[in-house]
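Visitor: Build me a model:
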Amino acid sequence: MVSMPLKLIVFTDLDGTFLDHHSYGYEAAMPALQRLQDDQIPIIAVTSKTLAELDHLNLPFGGVARITENGMAIEMPAQGDQKIAQHHYPSGKTYRDICQFVQSLPSDLRRALNGFNDMTLQEVMQHTGLPEENAARAKQRMASEPFLWSSDKAALQQLRDLAAAQDLQILQGGRFYHLTGLGGKDHAIGWFLRHQKIAPDVKTVALGDGPNDALMLACVDYGIKIPNASGASFDIPSPQGRIMTAPAEGPQGWSDSLNKLLDEMKLSV
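Guide: So this is what the prediction gives:
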């Protein structure tokens with residue numbers, strides 16, 4: 001993975017964490033980012049975004065791995081004789097599996113579910129507020145389906161039960177629900193560590209600012225909570241390591257908290 005002995009791996013959420021909540025810039029993260037790069041410490045994005053959206057961002061993390069769609073898909077870069085990147089699905093469910101499940105639903109539930117696969121590009125733009133190019137990237141899904149629901153809670157519970165019988169789950173976001181395989185960002189990190197045969201003495205750190213990051217922060221040696229721009233807080237359930245709170249929002253808090261941790265761990269070039 002790196003040319004020098006690996007000491008630490010950093011897993012990071014993007015929006016509101018590494019990327020500024022308003023500008024989507026990361027200039028304030030540069031001090032810690034440069035330090036991590038100089039010390040050849042891998043940085044892995046763990047995000048709700050699609051791979052197409054990540055491609056467009058062109059983040060300066062290097063070719064280690066990318067965890068997308070809230071942990072439902074992982075891209076591993078081409079290695080050795082491989083000519084193309086390899087895509088993995090920790091939950092075992094692909095977008096095709098999910099769409100087939102949607103099409104198999106009883107007619108009343110099917111009518112109530114309006115997913116990205118059902119929507120035209122213009123409808124995705126209308127419901128998300130995204131400009132055309134961004135909406136097109138958001139529609140290029142690999143392992144999860146955002147959807148709008150137009151029926152009642154009882155019918156939604158029926159949908160949850162049918163999904164669970166097929167090893168699928170429904171997560172509630174801000175405006176959209178999300179139909180995915182079982183697991184999440186934490187399961188994806190576990191898959192990556194096992195797949196890469198990371199030594200037990202290599203420390204792991206994760207940074208995130210929202211409830212969907214809670215389990216990710218709980219599964220690493222150092223979980224760093226970035227203050228949420230909306231002021232919302234969240235709990236970390238049964239953390240296996242140390243939990244810290246960054247002193248500022250977004251990339252500034254990202255940089256300050258990582259620099260402090262690196263100082264404590266005496267990790268520097």
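Visitor: Could you look up the SS state of residue 247?
Guide: Of the three states, residue 247 takes coil under DSSP: H, G, I helix; E, B strand; the rest coil.
Visitor: Give me the neighbour count for it.
Guide: 12 (other C-beta atoms under 10 Å). All C-beta atoms are positioned from the backbone trio N, CA, C, and that covers glycine.
Visitor: cool, and residue 63?
Guide: 13.
Visitor: what's the answer for residue 242, then?
Guide: Neighbourhood size, residue 242 [other C-beta under 10 Å]: 12.
Visitor: now it: how far from residue 261?
Guide: In this view, residue 242 and residue 261 are 9 Å apart by C-beta to C-beta, to the nearest Å.
Visitor: which residues do the two both contact?
Guide: Shared contacts of residue 242 and residue 261, defined by C-beta atoms under 8 Å, 6 or more residues apart in numbering, are found at residue 222.
Visitor: Where does residue 125 sit, in terms of helix or strand?
Guide: Secondary structure from DSSP states H and E places residue 125 in helix 121-128.
Visitor: residues of that helix that come out buried?
Guide: Within helix 121-128, the residues that qualify as buried by neighbour count (16 or more other C-beta atoms under 10 Å) are 124, 125, 127, 128.
Visitor: Which residue ranges make up the domains of this protein?
Guide: Domains of the chain are assigned by automatic domain parsing as 8-89+184-265, 95-181.
Visitor: Name the stretch among the ones you listed that sits most buried.
Guide: domain 8-89+184-265 (a mean of 18; mean count of other C-beta atoms under 10 Å).
Visitor: Redo the domains of the chain as JSON lines? Include mean pLDDT.
Guide: Putting the domains of the chain into JSON lines (pLDDT from 0 to 100) gives the following:
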{"stretch": "domain 8-89+184-265", "mean pLDDT": "94"}
{"stretch": "domain 95-181", "mean pLDDT": "96"}
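Visitor: is it true that residue 215 touches residue 186?
Guide: Yes: between residue 215 and residue 186 there is a contact at 4.0 Å, judged by C-beta atoms under 8 Å.
Visitor: Overlap in contacts, the two.
Guide: Here residue 215 and residue 186 share no contacting residue, scored by C-beta under 8 Å, 6+ apart.
Visitor: Could I get the full set of helices for this protein?
Guide: Counting by DSSP state H, one finds helices in the chain at the ranges 30-38, 51-57, 95-103, 107-112, 121-128, 132-138, 153-165, 185-195, 214-218, 250-265.
Visitor: Report all helices and strands that the fifth one contacts.
Guide: It refers to helix 121-128. helix 132-138 (3 or more C-beta pairs under 8 Å, 6 or more residues apart in numbering; DSSP states H and E).
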